[in-house]
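The amino acid sequence is not available; the structure is as follows:
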């Protein structure tokens, strides 16, 4: 009881409600961001996540609120292995990109296959042809894609674990992983994706390859914002170095051919491009740019991609229609959360046709709650929990249908983590399938 009273007193001092029944505005940041036992008590300036909500959840977990405590335990179970995994680097791959520089990220298009047996004269078996939804196992021989996924996920979990517990080990390991991938001269990645998702004998890299970074890099942006509230071992020089990397990458994203190609995409690729660019803009202090990107997404993405009943034709026509319908909603709901930081309400944007983001989320409720029989579109591997996070996000934004559906949606392996990292993730990872 003494500890509980201490926490409640700390909440009162910060001007935060103790009931946790409804969100409140984040309290002004105090001069000191850490207290003994509790750890950080500042709301981080995150780009996608709501920093004030993270702080409220931290104290909810501390006083034993069941949902927050359960989600935190699930997060810490995953983060435990992150303390000894990695660090990862693009320079660890055996292959050399066309630039001749292993610091450049390299990957191959996952759904492209050779048409002939490889020979000494034609080692790739060219020409390649596309087989939508069928992943070519040769892409995994290049380690950058897998290492990026492992590194960025670990960085995000570790930063959150430190924020919620104050345990320095999590912050120090996150710092090591960040420096190895982004900052150290011998191992850092160059801030470009010139050679992402290339197709042998056809093209060195494509704009479509930017999707490999599009939401996981925004998790890293939020992770560094979390560490910046005073994580042990994370210095101002580290944060400045990351901000510099983000700035260079955003410039590449907005000016390169690959970047402008991806910006023009009319499906989930375009949605993720905008979400990534807006998060990087906000994370580097370019609020006006972030606001412009978010505001333009109403007519440019929601109106263009969603029909009045919520159907997403560009996604539902795929062989993995369930996956891609939810995947696009990951991008759009995260972009809506970025918009909240800069005064843009994408949740309530209504297209001339009547389409809204809420309707698109509600459209997936039958599949999420009743399974594949309630989803009359092609899907090679139906996982109903793919919709869980987007339903959470919509419910938080006021969608009553989503809120009602949530208890009926199966939880992903590892448990529901949304309460402690409240933004949508790709829960049905198909990167190795």
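Right, received. Where do you want to start? Predicted model, so just to flag it, every value in this text is computed and none were measured.

Just the pLDDT for residue 281.
Note on residue 281: pLDDT of 98.

these two touch, right, it and residue 250?
Yes. Between residue 281 and residue 250 there is a contact at 6.5 Å, judged by C-beta atoms under 8 Å. For the C-beta atoms, the positions are set from N, CA and C on the backbone; glycine is no exception.

neighbour count winner among the two?
Comparing residue 281 with residue 250 by other C-beta atoms under 10 Å, the one with more neighbours is residue 281, at 26 against 22.

Poorly predicted segments of the stretch 1-150 of the chain, please.
Along the stretch 1-150 of the chain, segments meeting pLDDT under 70 span 1-32.

Please enumerate the helices of it.
Using DSSP state H, counting those that start in this stretch, the helices of the stretch 1-150 of the chain run over residues 2-14, 51-62, 66-82, 144-165.

Got phi/psi on the residue nearest to the spatial centre of the chain?
In the chain, the centroid-proximal residue (C-alpha atoms, centre = their mean) is residue 215; its distance is 3.4 Å. Dihedral pair for residue 215: phi -110, psi -30, per degrees, to the nearest 10.

check contacts around it.
For residue 215, the contact set (C-beta atoms under 8 Å, 6 or more residues apart in numbering) comprises 272, 275, 276, 330, 331, 334, 425, 426.

ok, residue 365 touching residue 402?
Yes. Residue 365 is within contact range of residue 402, at 7.0 Å (criterion: C-beta under 8 Å).

circling back: relative to residue 92, which of the helices of the stretch 1-150 of the chain is closest?
Among these, helix 144-165 comes nearest to residue 92, with 6.7 Å by C-beta to C-beta.

Just want the angle from the next helix or strand after the closest one to helix 144-165.
Sequence order places helix 168-178 as the next helix or strand after helix 144-165, per DSSP states H and E. Between helix 168-178 and helix 144-165, the angle comes out at 150 degrees (axes from the mean of the first three to the mean of the last three C-alpha atoms, to 10 degrees).

Give the buried subset of the contacts of residue 215 as a PyMOL selection command.
In PyMOL, this line selects whichever of the contacts of residue 215 come out buried by 16 or more other C-beta atoms under 10 Å:
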select buried, resi 272+275+276+330+331+334+425+426
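
Looking at the contacts of residue 215, which one is closest to residue 259?
The shortest approach to residue 259 among the contacts of residue 215 belongs to residue 276, at 9.8 Å (C-beta to C-beta).

Now for that closest one: which residues touch it?
Shown in contact with residue 276 (C-beta under 8 Å, 6+ apart): 210, 213, 214, 215, 217, 218, 253.

who touches both of residue 365 and residue 402?
Going by C-beta under 8 Å, 6+ apart, residues that sit against residue 365 and also against residue 402 are residue 391.

Per-residue pLDDT of the residue nearest to residue 342 when sequence neighbours are not counted, please?
Excluding the flanking residues, the one nearest residue 342 by C-beta to C-beta, 6 or more residues apart in numbering is residue 291, at 4.0 Å. Note on residue 291: pLDDT of 98.
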